[in-house]
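Peer 1: here you go, sequence then predicted model.
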Amino acid sequence: MDPNFCPIPDTSSHSASVHWPTCQEPSLSFGPEEPIPYRCIQNAFCAQAAANPEHTAVVDHYGQSLTYKQLDVLSLHLALNLRGQGVTNGSRVCLLIERSNAYIIAILAVLRAGAAYIPLDGGGLTIVFALTAYLSLSSGTTGQPKGVIIKHLGLTNLLCLYPGNLGVKPGVHVAQLLNVAFDMCAWEILACLMNGGTLHLRGPHRADWISVMKTVDVVICTPSILQQHRPQDFPNLKVVATGGEPISQALADQWAAQATIGTPTPNSSVYVLDDDLMPVARGRKGTMWAGGLGVCQGYLKRPSLNEIKFKPDPFSHKGGLMFNTGDLGVMKEDGSLVHMGRSDDQVKVKGFRVELDGVSAAIRACPGVVSACALLIKQDIWAFYTPPHIAIEDVRIAIARTQPYYAVPTQYKALSSIPLTR
């Protein structure tokens, strides 16, 4: 047991008997139960290396490539070297390496040595463990860094099974675009190498991003990145997955016929609950809680936060824990989920509760608006949006059609671009 790990509440004695009104369909959705082919990330990679040794595993922005056999041999050699230097199960190894083939070798080597890798990239930190697969340090919406402990089994469950594997298989090309410190970067790299795809690493310049996106079949990115491009410029793309922030309906419509959060992945579940942790009726808004294998092991050194965010799962016959995502949502009659903003994005304006995420969505829905956000500054709601040629009065009128008077921004700023993190 890691000495820094704060255990989350025990669920062994928790009763799974829960009752709710039978006149309404509860907002509970369960993914299919499917066997997980691998228990550890490195085992999945090694299986691909054995099955497809001559397939290209990774290509860096210089055009240099490694086959699965070469990546297997080089990462094993480095893993043995690390073990010889005293690295053992549970050790933590910092990686301060440019985005390159060597970086991918190092990730696999640390995992194969049974250790944790810590990618250092100035703007963030992610720690990957041997028994726990990784720990992501992220400030989330609070500004206070929290270490989230993720199990190998949770990752292999997500990345080896559809839809989490994004349909990656030998012959499929995947882009690696995201900052290495961003937790979704693990999705790019590991989903590719665990399923036999070819990973393409971007270079440091914007032109490198475009070059990679024109080469690959699969891209994972945030909506902020996606809105800077046009789908017609990338005819080879077959799968575009977004995350990390809400996507506007206009942007979703631009890139896909239909965009949705969807339904739970295999061996996982999602519940929409009220403040008493009871399921709301389908079609009503509540807080989204996640259950199943995807739930992490808790926050590092945060016992009080664990008690708030993790609760025994009374809806699953397997028990375990459910996690408060902090997201508001509505479950439709077909079981699919609609994101309705963040519960921690609520502010009080003139005595009324206002969800800034909802105001941001209303701004983005204005004709011609490409990107937008709403902020509370000294009790005024500010609307920031692009592009700058759209008249403020047109934006204000459009927002007033869908928002109550107290949620309509009083201050507006048209920008040529909205600043983004790296």
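Peer 2: All right, it came through fine.
Peer 1: show me where the stretch 1-150 of the chain dips below the pLDDT cut-off.
Peer 2: Of all residues in the stretch 1-150 of the chain, those with pLDDT under 70 make up the ranges 1-24, 121-150.
Peer 1: do you have the helices of it handy? List them.
Peer 2: Secondary structure of the stretch 1-150 of the chain, counting by DSSP state H, counting those that start in this stretch: helices at 41-51, 68-84, 101-112.
Peer 1: burial-wise, tell me which of those helices comes out on top.
Peer 2: For the helices of the stretch 1-150 of the chain, average neighbour numbers computed from mean count of other CB atoms under 10 Å are highest in helix 101-112, which has a mean of 23. Where C-beta positions appear, they are placed from N, C-alpha and C, glycine not excepted.
Peer 1: how about stretch 277-289: buried residues?
Peer 2: Neighbour-count burial for stretch 277-289, with 16 or more other CB atoms under 10 Å as criterion, is recorded at Leu277, Met278, Pro279, Val280, Ala281, Arg282, Lys285, Gly286, Thr287, Met288, Trp289.
Peer 1: can you pull the pLDDT of the first one?
Peer 2: Here, the pLDDT recorded for Leu277 equals 93.
Peer 1: for Pro231, see how far away the residue lying closest to it once chain neighbours are set aside is.
Peer 2: When the adjacent residues along the chain are set aside, Leu277 lies closest to Lys311, with 6.7 Å between them (CB to CB, 6 or more residues apart in numbering). With distances taken as CB to CB, to the nearest Å, Lys311 is found 41 Å from Pro231.
Peer 1: checking my notes, Gly341 in a helix, right?
Peer 2: No. Residue state for Gly341 (DSSP: H, G, I helix; E, B strand; the rest coil) corresponds to strand; a helix is not indicated.
Peer 1: flag the shaky bits of the stretch 251-400 of the chain, pLDDT-wise.
Peer 2: In the predicted model of the stretch 251-400 of the chain, residues 257-260, 344 satisfy pLDDT under 70.
Peer 1: give me the more crowded residue out of Lys311 and Pro231.
Peer 2: Neighbours were counted for Lys311 and for Pro231 using other CB atoms under 10 Å; Lys311 has more, 20 against 12.
Peer 1: isn't the more buried one up against Leu273?
Peer 2: No. Applying CB atoms under 8 Å, one finds Lys311 not in contact with Leu273, separated by 9.6 Å.
Peer 1: switch the helices of the stretch 1-150 of the chain over to TSV; also include distance to Val180.
Peer 2: As requested, the helices of the stretch 1-150 of the chain are exported to TSV (distance: least, CB to CB, whole Å):
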stretch	distance to Val180
helix 41-51	16
helix 68-84	17
helix 101-112	7
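Peer 1: buried sites along stretch 183-190?
Peer 2: Asp183, Met184, Cys185, Ala186, Trp187, Glu188, Ile189, Leu190.
Peer 1: I'd like the residues you listed as CSV, with distance to Ala51 appended.
Peer 2: Conversion of the buried residues of stretch 183-190 to CSV gives the following (distance: CB to CB, whole Å):
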residue, distance to Ala51
Asp183, 28
Met184, 27
Cys185, 25
Ala186, 22
Trp187, 22
Glu188, 21
Ile189, 19
Leu190, 17
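Peer 1: in strands, which of those fall?
Peer 2: In strands, judged by DSSP state E, none of the buried residues of stretch 183-190 are found.
Peer 1: would you list the residues you listed in CSV and tack on pLDDT and distance to Leu120?
Peer 2: As requested, the buried residues of stretch 183-190 are arranged in CSV below (pLDDT from 0 to 100; distance: CB to CB, whole Å):
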residue, pLDDT, distance to Leu120
Asp183, 74, 15
Met184, 82, 18
Cys185, 84, 13
Ala186, 83, 15
Trp187, 87, 20
Glu188, 92, 18
Ile189, 93, 16
Leu190, 90, 19
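Peer 1: the residue nearest to Leu277 and Met322, how far apart?
Peer 2: For Lys311, the distance to Met322 (CB to CB) stands at 6 Å.
Peer 1: go on, Glu54?
Peer 2: Between Glu54 and Met322 the distance is 44 Å, computed by CB to CB.
Peer 1: show me what the longest strand anywhere in the chain packs onto, helices and strands only.
Peer 2: Of all the segments assigned as strand in the chain under DSSP E, the longest by residue count is strand 321-331. Applying 3 or more CB pairs under 8 Å, 6 or more residues apart in numbering; DSSP states H and E, we find strand 321-331 packed against strand 268-273, strand 285-292, helix 303-309, strand 310-312, strand 337-342.
Peer 1: highest average neighbour count across these?
Peer 2: strand 268-273 (a mean of 25).
Peer 1: gap between it and the chain center?
Peer 2: With CA atoms, centre = their mean, to the nearest Å as the basis, strand 268-273 stands 17 Å off its chain's centre.
Peer 1: can you check stretch 268-276 too?
Peer 2: The chain centroid and the centroid of stretch 268-276 are separated by 19 Å under CA atoms, centre = their mean.
Peer 1: what does that stretch contact?
Peer 2: Here stretch 268-276 makes contact (CB atoms under 8 Å, 6 or more residues apart in numbering) with 27-31, 157, 263-264, 279-280, 284-294, 313, 315-316, 322, 329-331, 337.
Peer 1: stretch 45-57 now?
Peer 2: Counting by CB under 8 Å, 6+ apart, 38, 65-72, 104, 108, 170-171, 193-196, 198-199 sit against stretch 45-57.
Peer 1: span of it from start to end?
Peer 2: Across stretch 45-57, the terminal residues are separated by 10 Å (CA to CA, to the nearest Å).
Peer 1: equivalent analysis for stretch 356-374, please.
Peer 2: For stretch 356-374, the separation between the terminal residues is 6 Å (CA to CA).
Peer 1: show residues contacting that stretch.
Peer 2: Residues outside stretch 356-374 that contact it (CB under 8 Å, 6+ apart) are 224, 227, 246, 248-251, 340-342, 345-347, 375-376, 381-387, 390, 394-395, 398-399, 402-403, 407, 409, 417-418.
Peer 1: same question, stretch 161-173
Peer 2: Contacts to stretch 161-173, defined as CB under 8 Å, 6+ apart, come from residues 34, 36, 48, 51-52, 55, 157-159, 174, 191-192, 194-198, 200, 215-218, 220, 238-239, 241, 262, 265-267.
Peer 1: how far away from the center of its chain is it?
Peer 2: 17 Å.
Peer 1: buried residues of it, list them for me.
Peer 2: Under the neighbour-count criterion of 16+ other CB under 10 Å, stretch 161-173 has Leu161, Gly164, Asn165, Leu166, Val168, Val172, His173 buried.
Peer 1: how far away is the fourth one from Thr242?
Peer 2: Taking CB to CB as the measure, Leu166 and Thr242 are separated by 12 Å.
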